[in-house]
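Q: Predicted model follows, preceded by the sequence.
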Amino acid sequence: MAAPVTVVDHPLIQHKLTLMRRTEASSSTFRMLLKEISHLLAYEVTRDLPVREIEIETPITKMKAPVLAGKKLCLVSILRAGNGLLEGILELIPSARVGHIGLYRDPETLEAVEYYYKMPSDLDQRLVIAVDPMLATANSSVAAITRLKEGGAKNIRFLCLLAAPEGVEIFQREHPDVPIYTAAIDEKLNEHSYIVPGLGDAGDRIYGTR
């Protein structure tokens, strides 16, 4: 049985996602909205992080209060568009370790080709959250998760902004143990493997490229 898909349908996320989808949204607006949504998505994907109690002193009295427990989690950006989500989550969890996987989609085969891989140590002892705005064909995401498992990661979650049903199906077939968190599951992929209705190429819209 595959791990669950969590659609984070909070009204603020859906509102900001609508603004991002619009053709007229500038790169600066797109980046700002993506960062804001990443804050909101981060709350959901980290909802069950373990905590422990420590003793502190407030201006009034001493007390026992919760702090995050265990190894610092690892955020993994699937380059290049993953950086758009990564930056917002890092603002909330600045102590997190960060890894990067560089993948590009071969225009002929649509297969993922790796060109960069750099990770913190002890992946097997960390919660790893891999981030990429789009889960379309799932080729890049599946390849990234496979690579993380080869690097020792055992506790992995995948966070994206948008997903296509085809991508979700493929991802769950290849990595049934990895839960997916997303803001929306759209209708389908078109003949060019873009999510419909989608929002275009996330990397191009973040960085103003074509």
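A: Alright, I've got the coordinates.

Q: The lengthiest helix in the chain - contacts with which helices or strands?
A: The longest helix of the chain (DSSP state H) is helix 27-45. Here helix 27-45 is seen to pack against helix 11-21, helix 82-92, strand 155-163, strand 180-185, helix 202-207 when contacts are counted using 3 or more CB pairs under 8 Å, 6 or more residues apart in numbering; DSSP states H and E. Every residue, glycine included, has its C-beta placed from N, CA and C.

Q: Now that helix: buried residues?
A: Buried residues in helix 27-45, counted by 16 or more other CB atoms under 10 Å: 30-38, 40-42, 44-45.

Q: In TSV, list the residues you listed along with distance to Ile101 and pLDDT.
A: Formatted as TSV, these follow (distance: CB to CB, whole Å; pLDDT from 0 to 100):
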residue	distance to Ile101	pLDDT
Phe30	22	92
Arg31	21	92
Met32	25	93
Leu33	24	95
Leu34	19	94
Lys35	21	93
Glu36	25	94
Ile37	22	95
Ser38	18	95
Leu40	24	94
Leu41	19	95
Ala42	19	94
Glu44	23	93
Val45	18	94
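
Q: Just send those residues back as TSV, with distance to Ala164 too.
A: Formatted as TSV, those follow (distance: CB to CB, whole Å):
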residue	distance to Ala164
Phe30	20
Arg31	23
Met32	25
Leu33	20
Leu34	18
Lys35	23
Glu36	23
Ile37	18
Ser38	20
Leu40	21
Leu41	18
Ala42	23
Glu44	20
Val45	20
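
Q: low-scoring stretches of this protein, by residue?
A: Within the chain, the ranges that satisfy pLDDT under 70 run 110.

Q: Centre-most residue in it?
A: Among the residues of the chain, Val131 comes closest to the average C-alpha position under CA atoms, centre = their mean, at 2.4 Å.

Q: That residue and Arg22, how far apart?
A: According to CB to CB, to the nearest Å, Val131 stands 23 Å off from Arg22.

Q: helix or strand for Ala65, which one?
A: Assessed by DSSP states H and E, Ala65 sits inside strand 62-68.

Q: List of residues touching that strand?
A: Leu49, Pro50, Val51, Arg52, Glu53, Ile54, Glu55, Ile56, Glu57 (CB atoms under 8 Å, 6 or more residues apart in numbering).

Q: mind checking how far stretch 163-182 is from the chain centre?
A: Centre-to-centre, stretch 163-182 and its host chain are 13 Å apart (CA atoms, centre = their mean, to the nearest Å).

Q: Straight-line length of that stretch, end to end?
A: Using CA to CA, to the nearest Å, the end-to-end distance of stretch 163-182 comes to 7 Å.

Q: which ones are touching Val5?
A: Ala163, Val168, Gln172, Pro179, Ile180, Tyr181, Thr182, Ile185.

Q: Got phi/psi on it?
A: phi -100, psi 120 (degrees, to the nearest 10).

Q: Can you name the residues bridging to it?
A: As for beta bridges, Val5 partners with Ile180 under DSSP bridges.

Q: For it, give its distance to Pro120.
A: 27 Å.

Q: Save the helices and strands packed on helix 27-45 as JSON lines, and put in distance to Gly70 and mean neighbour count too.
A: Output for these, formatted as JSON lines (distance: least, CB to CB, whole Å; neighbours: other CB atoms under 10 Å):
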{"stretch": "helix 11-21", "distance to Gly70": "28", "mean neighbour count": "15"}
{"stretch": "helix 82-92", "distance to Gly70": "17", "mean neighbour count": "21"}
{"stretch": "strand 155-163", "distance to Gly70": "10", "mean neighbour count": "24"}
{"stretch": "strand 180-185", "distance to Gly70": "20", "mean neighbour count": "22"}
{"stretch": "helix 202-207", "distance to Gly70": "32", "mean neighbour count": "19"}
